[in-house]
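A.B. asks: Mind folding the following:
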Amino acid sequence: MAKPLEIGAKAPAFSIEGDDGSKYALKDLKGKKIVLYFYPKDDTPGCTKEAIAFSEDIAKFKRAGAVIIGVSKDSIAKHQKFKTKHGLKVVLGADEDGKVVEKFGVWVEKNMYGRKYMGIERSTFLIDEKSVIRKIWRKVKVAGHAEEVLEAVKSL
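C.D. replies: Residues are numbered from 1 along each chain as shown. Here you go, the predicted model:
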């Protein structure tokens, strides 16, 4: 297990396919602020609320110079269905092989009703224009999260 990422560290290099057919790689996003948010699964209550909240504020994030990418292990087809169903405006990245969730240390053992299993810990990373991690939110509570991230983006 890699040691947890810390604020001030260089973000791990990543490349992920977005639901829009584009590739999103850290090296290509230099010069932009990146909000990389990891969520467990498309079309589940918390994940839907979080994606809608980020989508509602997308124009504000863009004005602040930020790109938002939501990442889960769901397929592109699932992402597209999820996006269409809820009118989402954020890019959703498909990390089916789990390489990106692994690099960011968000693939963790979870425990629900006494059953242990591996899953994505809802987490958000704010990466600055020079690919440095400026803020990390772990075990995110969805309510108010998008607004909190937006404030952090504006203060960079």
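A.B. asks: ranges for the strands of the protein?
C.D. replies: Taking DSSP state E to define them, one finds strands in the chain at 15-18, 23-25, 33-38, 66-72, 91-94, 107-112, 115-120, 123-127, 133-137.
A.B. asks: Tell me which residues of the first one come out buried.
C.D. replies: Okay, so that is strand 15-18. 16-18 (16 or more other CB atoms under 10 Å). Yep, even glycine has a C-beta here, placed from its N, CA and C like the rest.
A.B. asks: Between the residues you listed, which sits nearest residue 120?
C.D. replies: residue 16 (13.6 Å; CB to CB).
A.B. asks: Phi first, then psi, for the residue nearest to residue 120 when sequence neighbours are not counted.
C.D. replies: Using CB to CB, 6 or more residues apart in numbering and skipping the chain neighbours, the partner closest in space to residue 120 is residue 40 (4.7 Å). Note on residue 40: backbone dihedrals following degrees, to the nearest 10 are phi -70, psi -50.
A.B. asks: how about residue 40, what does it touch?
C.D. replies: Residue 40 sits next to 46-47, 72, 119-120, 122 when contact means CB atoms under 8 Å, 6 or more residues apart in numbering.
A.B. asks: what's the spacing between it and residue 116?
C.D. replies: Residue 40 is 15 Å from residue 116, where distance means CB to CB, to the nearest Å.
A.B. asks: what number of residues lie near the nearest residue to residue 100 once chain neighbours are set aside?
C.D. replies: Leaving aside its sequence neighbours, residue 100 sits nearest to residue 14 (CB to CB, 6+ apart; 4.8 Å). Other residues within reach of residue 14, judged by other CB atoms under 10 Å, total 21.
A.B. asks: Of the contacts of residue 40, which is the nearest to residue 28?
C.D. replies: Set against residue 28, the nearest of the contacts of residue 40 by CB to CB is residue 72 (20.9 Å).
A.B. asks: ok, residue 68 - how many residues close by?
C.D. replies: Neighbour count of residue 68, defined by other CB under 10 Å: 25.
A.B. asks: per-residue confidence for the closest residue in space to residue 27 that isn't next to it in sequence?
C.D. replies: Distance criterion CB to CB, 6+ apart; nearest residue to residue 27, sequence neighbours excluded, is residue 13 at 6.7 Å. Here, the pLDDT recorded for residue 13 equals 97.
A.B. asks: so residue 13 makes contact with residue 29?
C.D. replies: No - Residue 13 is beyond contact range of residue 29, at 10.9 Å (criterion: CB atoms under 8 Å).
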